[in-house]
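Quick one: sequence plus predicted model below, questions after.
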Amino acid sequence: MAKAARPGSPVAFAAAALLAALLAAPALRAEPPGAATFREAELARVRAAWERLDTNGDGRLAIDEAPEMMRGLLRGADEDRDGAASLAEYAAFLDDPSGARRFPLPENVELLADLPYAGSENPRQQLDLLLPRRRAGPGALPVIAYVHGGAWSMGSRVMARPDVAPLVATGHYAALAIGYRLSGEARWPAQIHDVKAALRWLRAHAERYGLDPGRVCAMGASAGGHLAALAGTTNGAAELEGALGPHRGLSSDVQCAVDLFGATDLRTPEPASRSALFGPAPSSRELLLGAPPVLVPDLARQASPVAHVSPGDPPFYIVHGTADPLVPFSDSAALERALREAGVPVVFQVVEGGGHGDFLIDPEVARRLRLFLDRTLRGLDLALPSDPIRPARLSPGGLPEARGPGE
């Protein structure tokens, strides 16, 4: 297994997401008993997974009680360092496995949190809006619509902050951090329906917040990269639009997409390296689709960005490490090939030796992404390098770690 994060540091969201699928799979198949609210229903699922790990039934999940492969991850949930993960600690960990809530927002960033976008009381169907307190110039701002990762089974919109807050702090961008229903609550295509409803909310509120509805970039990492790529390849696609929220007459189109190591073809099995690390638990794709992809080929195709590529798609920026153990590098290569064949502008940024997001701490990765956004959304005449990046810094074990403001 990948080297565990040191105690007290944020745990890599990619490995933690797969842990969530492993632990929660049986509970996700049952309806929560008599849950009065969405939060209670979600807590019931988390409690079931936590209790299964508490093998001696003493109501205390000792780290050493868990299987060895999970201990390093669970140490990240043990905030009080008592050698055990309480139910509250475990629930907080699943909601924010990367520790993004501890990321200090730059002084120039204003956070408007918990804004409902789908006309529901479901806290998963909310977004956070990040605005610069001092804008760099007049006029409406281009928008980064960020979708969080977590194997579609965990995480929350707070995970967007380390990636988007430094961009918003420049005064040139606004950002949406989009929450969506996880696979334990709703099967596919609920997740893309939520994302598109959030994009329609953006256009309904663009004038109020000084946003430019004609300059929107879908962006995400891992599972969020998959959803961002799908948003980019399905502009105007009625089959995935859904009917959520009060703004159904507005567009959910995006003008560019940034896919950070997301899966692009869900018709294929997850890589053998995933099974080697996490055993025979249902895969994240199975949990998302409700069955192995081979048994639901139409759903698997519908959920695959590469299957929707067409000549009218907006520009793409794809980043993937050649040594990714969780999402095959070939997924991004296939998406780039399909986009090029369709005549869609695309930059495929290869990270030599990079794992599943461990390279995000390298400043050159952030610099090149910023160049793409400045060129595509702000119209600046900038060259976009695409030669492979050989990171000077990689986080331990091939998995991402926390970054400070501006990194």
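Sure, I can see it.

Low-confidence bits of the stretch 1-150 of the chain, can you list those?
Scanning the stretch 1-150 of the chain for pLDDT under 70 picks out 1-37, 68-70, 72-73.

for the record, mean pLDDT for stretch 249-266?
Mean per-residue pLDDT for stretch 249-266: 97.

Could I have the CA atoms of it written out in CSV?
Provided in CSV are the C-alpha atoms of stretch 249-266 (Å, rounded to 0.1, in the frame of the first residue of the first chain):
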residue,chain,number,x,y,z
GLY,A,249,-34.7,27.1,-19.0
LEU,A,250,-31.1,28.3,-18.7
SER,A,251,-28.0,26.8,-20.3
SER,A,252,-25.5,24.5,-18.5
ASP,A,253,-22.8,24.9,-21.2
VAL,A,254,-19.2,25.5,-20.3
GLN,A,255,-16.6,27.2,-22.4
CYS,A,256,-13.6,25.1,-21.4
ALA,A,257,-12.8,22.1,-19.2
VAL,A,258,-9.9,21.1,-17.0
ASP,A,259,-9.7,17.4,-16.3
LEU,A,260,-7.1,16.5,-13.6
PHE,A,261,-6.5,12.7,-13.8
GLY,A,262,-10.2,11.8,-14.1
ALA,A,263,-11.6,8.6,-15.5
THR,A,264,-12.9,9.0,-19.1
ASP,A,265,-14.2,5.6,-20.0
LEU,A,266,-16.3,3.8,-17.4
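
got the contact list for stretch 302-313?
188-189, 192, 226, 229-230, 232-235, 237, 239-240, 259, 262, 264-267, 288-289, 301, 331, 334-335, 338-339, 342-344 (CB atoms under 8 Å, 6 or more residues apart in numbering). In this view, the C-beta of every residue, glycine as well, is placed from N, C-alpha and C.

Out of these, list just those in helices.
192, 226, 229-230, 232-233, 288-289, 301, 331, 334-335, 338-339 (DSSP state H).

Show me where the stretch 51-200 of the chain has its strands.
61-62, 84-85, 109-116, 126-132, 141-147, 174-178 (DSSP state E, counting those that start in this stretch).

Pull out the buried residues from the longest one.
Along strand 109-116, these residues count as buried under the neighbour rule (16 or more other CB atoms under 10 Å): V109.

What is it packed up against?
strand 126-132, helix 161-169 (3 or more CB pairs under 8 Å, 6 or more residues apart in numbering; DSSP states H and E).

Please identify the pairing partners of that strand and their relative orientation?
strand 126-132 (antiparallel) (DSSP bridges).

and what of the last one?
Strand 174-178 has the following strand partners under DSSP bridges: strand 126-132 (antiparallel), strand 141-147 (parallel).

Check the offset of that strand from the chain's centre.
Mean-position distance between strand 174-178 and its chain equals 12 Å (CA atoms, centre = their mean, to the nearest Å).

Just the CA atoms from that strand would do, formatted as CSV, please.
The C-alpha trace of strand 174-178 is given here as CSV (Å, rounded to 0.1, in the frame of the first residue of the first chain):
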residue,chain,number,x,y,z
ALA,A,174,-14.6,33.8,-9.4
ALA,A,175,-15.2,30.2,-8.5
LEU,A,176,-18.0,27.8,-7.7
ALA,A,177,-17.3,24.8,-5.5
ILE,A,178,-20.0,22.4,-6.5
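
Need the residues that contact that strand.
Counting by CB under 8 Å, 6+ apart, 117, 127-132, 141-148, 157-161, 164-165, 167-168, 194-195, 198, 202, 209-211 sit against strand 174-178.

Please repeat the previous calculation with a cut-off of 6 Å.
127-131, 141, 143-147, 157, 160, 164, 168, 195, 198, 211 (CB atoms under 6 Å, 6 or more residues apart in numbering).

Could you do the fourth one as well?
Under the criterion CB under 6 Å, 6+ apart, residues 108-117, 157, 168, 171, 174-179, 198 lie in contact with strand 126-132.

what comes into contact with the longest strand seen in the chain?
Across the chain, the longest stretch assigned as strand under DSSP state E is strand 211-221. By CB under 6 Å, 6+ apart, the residues outside strand 211-221 that reach it are 140-147, 149, 174, 203, 206, 227-228, 231-232, 254-258, 260, 377.

now the angle from it to strand 141-147?
30 degrees (axes from the mean of the first three to the mean of the last three CA atoms, to 10 degrees).

partners of strand 211-221, with directions?
strand 141-147 (parallel), strand 256-260 (parallel).

Can you tell me which of these is most buried?
Per-stretch averages of neighbours, counted by mean count of other CB atoms under 10 Å, single out strand 256-260 among those, with a mean of 29.
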